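S.K.: Here is my input, please return the structure:
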Amino acid sequence: MPLTIKEADPMTLPISVFIITKNEEKHIAKTLASVKDMDEVILVDSGSTDNTLAIAEQFGATIFSHEWLGYAKQKQYAMSLCRNEWVLNLDGDEEINPQLIAAFKEIIEQDKADSVRFWRNDIFIGKPLSRLSKKPNNHRLYKKSKSFFDDSRLAHESATVDGKEIFINQVFNHYGYDSIAAITNKNNTYSSLKADEKFVKGKSFSHLKLFLIFPLVFIKEYFLQRKIFSGRRGFILAIMEAYYAFLKEAKLFENHQNKHN
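M.R.: Modelled structure (predicted):
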């Protein structure tokens, strides 16, 4: 069935938000409330059994049910459903703020770029890390006609954009790291996907990396990324980041061992 194109509300931004979900009832209300000023919200769900869809209906999101294709393919499909040239990719555990929306408005009105990066503020054990700890930055707002997702990437997928990219000093909140259990579950899933991705691409494991990656990543995260300023929470998160890096290499080793068994 073709999408019905409604006339744009002058109070909304000409941005289509696309979100892929499965069982995101814990945070999806925050996500959807934060994008209420966007022209369109597309939610592609792959079998939620909780209240995700009921909450999304309350916020007026346009909902599509679609079998799981993998992160990159699922996001490519969701983006294809968007009617606006500017699209914003969010996960169901993220939220934007008025300052970020104001920056979006200026960029779109002045046509400053084709894609935009900005800081991600990870909420961990109830609150953000210290302002002195470095934040990761993400590529989330871009022009649809110049963007695509590389489906060879099984995890940590990001749109590839053929055009001018800019960085803005604004943040969005990410609640997907709100507990040790949540990070542990994600790290286990993503490390398997990344190891499989490397294996399929013919990449071999490294004995040296297997031995050194844990301490090196811990040093990078705790000192260079300045998680040391976030106290015990920063120490815990640096350890978990190091273990995630180790898992990816260990699972790549496992894949090669299984191939020869």
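S.K.: who's in contact with the closest residue to Arg226 other than its chain neighbours?
M.R.: Take Arg226 and drop its neighbours on the chain: the residue closest to it by CB to CB, 6 or more residues apart in numbering is Ser133, 4.7 Å away. Just so you know, the C-beta spots here come from the backbone N, C-alpha and C atoms, and that holds for glycine as well. Residues near Ser133 by CB atoms under 8 Å, 6 or more residues apart in numbering: Gln225, Arg226, Lys227, Ile228, Phe229, Ser230, Gly234.
S.K.: between the residues you listed, which is nearest Phe59?
M.R.: Proximity of the contacts of Ser133 to Phe59 (CB to CB) peaks at Ser230, which lies at 32.6 Å.
S.K.: how would you label the closest one: helix, strand or coil?
M.R.: helix (DSSP: H, G, I helix; E, B strand; the rest coil).
S.K.: pLDDT score for Leu32?
M.R.: At Leu32, the pLDDT value in this model is 98.
S.K.: do Glu7 as well
M.R.: Reported pLDDT for Glu7: 42.
S.K.: all helices for the stretch 101-250 of the chain, in order.
M.R.: Assigned by DSSP state H, counting those that start in this stretch, the helices in the stretch 101-250 of the chain fall at 180-200, 207-219, 231-259.
S.K.: Please identify the deepest-packed of these.
M.R.: Each of the helices of the stretch 101-250 of the chain was scored by mean neighbour count; the highest is helix 231-259, a mean of 17, by mean count of other CB atoms under 10 Å.
S.K.: any low-confidence regions in this structure?
M.R.: Filtered on pLDDT under 70, the chain yields the residue ranges 1-11.
S.K.: And the residue nearest the centre of it?
M.R.: By CA atoms, centre = their mean, the chain has its centre lying nearest to Asp91, at 5.7 Å.
S.K.: Settle this for me: it is touching Phe18, isn't it.
M.R.: No: if you go by CB atoms under 8 Å, Asp91 and Phe18 don't touch, sitting 10.5 Å apart.
S.K.: The nearest residue to His66 once chain neighbours are set aside: which element?
M.R.: Excluding the flanking residues, the one nearest His66 by CB to CB, 6+ apart is Val44, at 5.2 Å. Using DSSP states H and E, Val44 falls within strand 38-45.
S.K.: what about Leu53, how many residues close to it?
M.R.: By other CB atoms under 10 Å, the residues close to Leu53 number 19.
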